[in-house]
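> Generate coordinates for the sequence data below:
(one chain, ligands or ions: 1)
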Amino acid sequence: MAIRRALISVSDKTGIVEFSRALAGLGVQIISTGGTASLLEKEGVPVVGISDVTGFPEILDGRVKTLHPAVHSGLLAVRDDEKHQQAMKELGLDYIDLVVVNLYPFAATIAKPDVSYEDAIENIDIGGPTMLRSAAKNHAFVTVVVDAADYANVLEEVKGAGDTTLETRKRLAAKVFRHTGAYDALIGDYLSKLQGDPLPESYTVTYEKVQDLRYGENPHQKAAFYRKPLAAPGNITTAEQLHGKELSYNNINDANAALAIVKEFEEPAVVAVKHMNPCGVGIGTDIHEAYQKAYQADPTSIFGGIVAANRTIGADTAQLLSEIFLEIIIAPDFTQEALDILTKKKNIRLLKLGTIQSAKERQPDWLVTTVEGGMVVQESDVHSLSMDDIKVVTNRKPTDEELKQLLFGWKVVKHVKSNAILLAADNMTIGVGAGQMNRVGAANIAIEQAGEKARGAVLASDAFFPMGDTLELAAKAGITAVIQPGGSIKDEESIAVANANNIAMVLTGVRHFKH
Ligand SMILES: NC(=O)c1ncn([C@@H]2O[C@H](COP(=O)(O)O)[C@@H](O)[C@H]2O)c1NC=O
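As a prediction, the model looks like this:
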């Protein structure tokens, strides 16, 4: 069957004149709606107005233009069904062989900071998806194009055989249903959130592909990277890669983990991450000092790590960074001199964030973890501790310096896999016990890593101590102050050990499990 008649109705008019002209040149009759028809006419492409097909004007500010039996019968009729053929003939209706539609820009509209509810609603396309769905359902006979990237291929096939192949029509139909599904998911998500219902009876969020990945966590696992249509700037999904090889699956997760930690700090901070846990975190009066601390925190583990900074990287820091092997450096920006130094290293990936939001400005996002056959969804843990939440429970209060180190440790331990114990001193992490099956195990690792530096350091725990044993270990290592949520039935046991060893302990009342 040859393509004789095409209906073209597009909001994004990129490439449509050339495509339509080429189709018209092949003898295809073009039917079109208001704005599209005007453009084609202006460009000298022969076009039939939609009203001439429907015998009805485009009405209600464009809300009704193609929603008409003359259009949908033409799209939905089963061409080799005699009853359908007869009905079409009796009613004087004609078939439509090709539909080219792209939709009102709903995503771009709601992305505008000053978007009104009315504007968002008006940008919900009704006629477009209806045509796309009719054509896609009837892909046995009808070709449907929703993406300008398919114009060239369709044209090539029509030029060659006068029609597209069934294989192409099936591919395009599947693309349409994914597209209309994603379009509706975004509308549903927008309206649900406006109504304060972010976790409705069906969870239909939509993601668009950023890129295919070479492989997943391991080389035998297939993988791809997706982002939300309206992902905020300052994230791994929107960062600009300035240099280096393509990001890997593990790179993306590690960089995301590093960013979450560095965003905890208002002051200059640098975070080094390995396997999604911080191995070195430092703060300073400038980013250079912060980096030196993050490096000194654990000069062994930073090797092959991911480094995130919350200030522009300058030449002096770049010089130090270039002296070790790192997978990624991610920062709001890099000076030209820093880029000159770092781009000499072929394998390092440099990511520019543009902007960076601190924890205080961050709104919780929805985090999805899949389980076999389903998923669980929760808000991201963007809780920020306020001084009012802190309760001193020991005889001795922490000194100002101890309190500073405790708050620093608390911001970082929140991002360490549970059970997590973290030791901090002198504005840097000195021991990180991550992902252990018991708290004492995590404390042992952190204390052993800190070695002599544990003496006079502070300890942060992501969850309460079920008994006094962790405090005993801390006391033996020379820890002088502890921060933890509290809430165990045996809190008194830990408090007694702390008092007996002159340790100052504060409770936060908030737990930061991270599995
Ligand atoms: N109402 C209708 O019958 C209808 N038919 C097609 N549209 C949309 O109108 C847009 C094109 O409009 P125009 O050709 O007037 O610029 C397309 O995005 C198309 O999806 C419609 N608009 C919205 O629902």
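
> Residue 386 is in contact with residue 407, correct?
No - the criterion here is CB atoms under 8 Å, and residue 407 misses it with residue 386 at 10.5 Å. Where C-beta positions appear, they are placed from N, C-alpha and C, glycine not excepted.

> quick one, which of the two is more surrounded?
Higher neighbour count among residue 407 and residue 386: residue 407, with 19 against 8, using other CB atoms under 10 Å.

> Wait, a strand at the more buried one?
No - applying DSSP: H, G, I helix; E, B strand; the rest coil, one finds residue 407 to be helix, outside a strand.

> Show me where the stretch 51-200 of the chain has its helices.
69-76, 82-90, 106-111, 117-122, 127-137, 151-161, 166-194 (DSSP state H, counting those that start in this stretch).

> if I pick the residue in the stretch 251-400 of the chain that the ligand sits nearest to, what's in contact with it?
Closest approach between the stretch 251-400 of the chain and the ligand, counting by CB to the nearest ligand atom: residue 366, at 29.4 Å. Residues in contact with residue 366, defined by CB atoms under 8 Å, 6 or more residues apart in numbering, are 198, 199, 205, 377, 378, 379, 380.

> so what pLDDT did it get?
Looking at residue 366, its pLDDT reads 89.

> What residues does the chain have near the ligand?
Residues of the chain lying close to the ligand by CB under 6 Å from any ligand atom are 9-11, 33-36, 62-67, 101-104, 125-128.

> What does residue 262 show for phi and psi?
Main-chain dihedrals, residue 262, degrees, to the nearest 10: phi -70, psi -30.

> can you put the helices of the stretch 51-200 of the chain in a markdown table and add mean pLDDT?
Putting the helices of the stretch 51-200 of the chain into a markdown table (pLDDT from 0 to 100) gives the following:
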| stretch | mean pLDDT |
| --- | --- |
| helix 69-76 | 95 |
| helix 82-90 | 95 |
| helix 106-111 | 96 |
| helix 117-122 | 96 |
| helix 127-137 | 98 |
| helix 151-161 | 96 |
| helix 166-194 | 96 |
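
> Of those, flag the one that's most buried.
Among these, helix 127-137 has the highest mean neighbour count (mean count of other CB atoms under 10 Å), at a mean of 22.

> quick one, it and helix 166-194 angle?
If you take axes from the mean of the first three to the mean of the last three CA atoms, to 10 degrees, helix 127-137 sits at 140 degrees to helix 166-194.

> how about helix 127-137 as PDB, C-alpha atoms only?
C-alpha atoms of helix 127-137 as PDB (Å, rounded to 0.1, in the frame of the first residue of the first chain):
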ATOM      1  CA  GLY A 127      -6.000  16.000  19.900                       C
ATOM      2  CA  GLY A 128      -2.300  15.100  19.300                       C
ATOM      3  CA  PRO A 129      -2.100  12.000  21.500                       C
ATOM      4  CA  THR A 130      -5.500  10.900  20.300                       C
ATOM      5  CA  MET A 131      -4.200  10.900  16.700                       C
ATOM      6  CA  LEU A 132      -0.900   9.300  17.700                       C
ATOM      7  CA  ARG A 133      -2.700   6.500  19.500                       C
ATOM      8  CA  SER A 134      -5.200   5.800  16.700                       C
ATOM      9  CA  ALA A 135      -2.400   5.700  14.100                       C
ATOM     10  CA  ALA A 136      -0.200   3.600  16.400                       C
ATOM     11  CA  LYS A 137      -3.000   1.100  17.100                       C
END
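
> Tell me what angle it forms with helix 69-76.
Going by the same axes, to 10 degrees, helix 127-137 makes 30 degrees with helix 69-76.

> what packs against helix 127-137?
strand 5-10, helix 69-76, strand 98-102, strand 143-145, helix 166-194 (3 or more CB pairs under 8 Å, 6 or more residues apart in numbering; DSSP states H and E).

> Format those as CSV; extra columns: distance to residue 512.
Compiled in CSV, the helices and strands packed on helix 127-137 are given as follows (distance: least, CB to CB, whole Å):
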stretch, distance to residue 512
strand 5-10, 49
helix 69-76, 55
strand 98-102, 45
strand 143-145, 49
helix 166-194, 26
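
> hang on, the earlier thing: any of the residues of the chain next to the ligand buried? List them.
Neighbour-count burial (16 or more other CB atoms under 10 Å) applied to these gives 9-11, 33, 36, 62, 65-66, 101-104, 125, 127-128.

> is it true that residue 225 lies in a helix?
No - counting by three-state DSSP, residue 225 is located in no helix; its state is strand.
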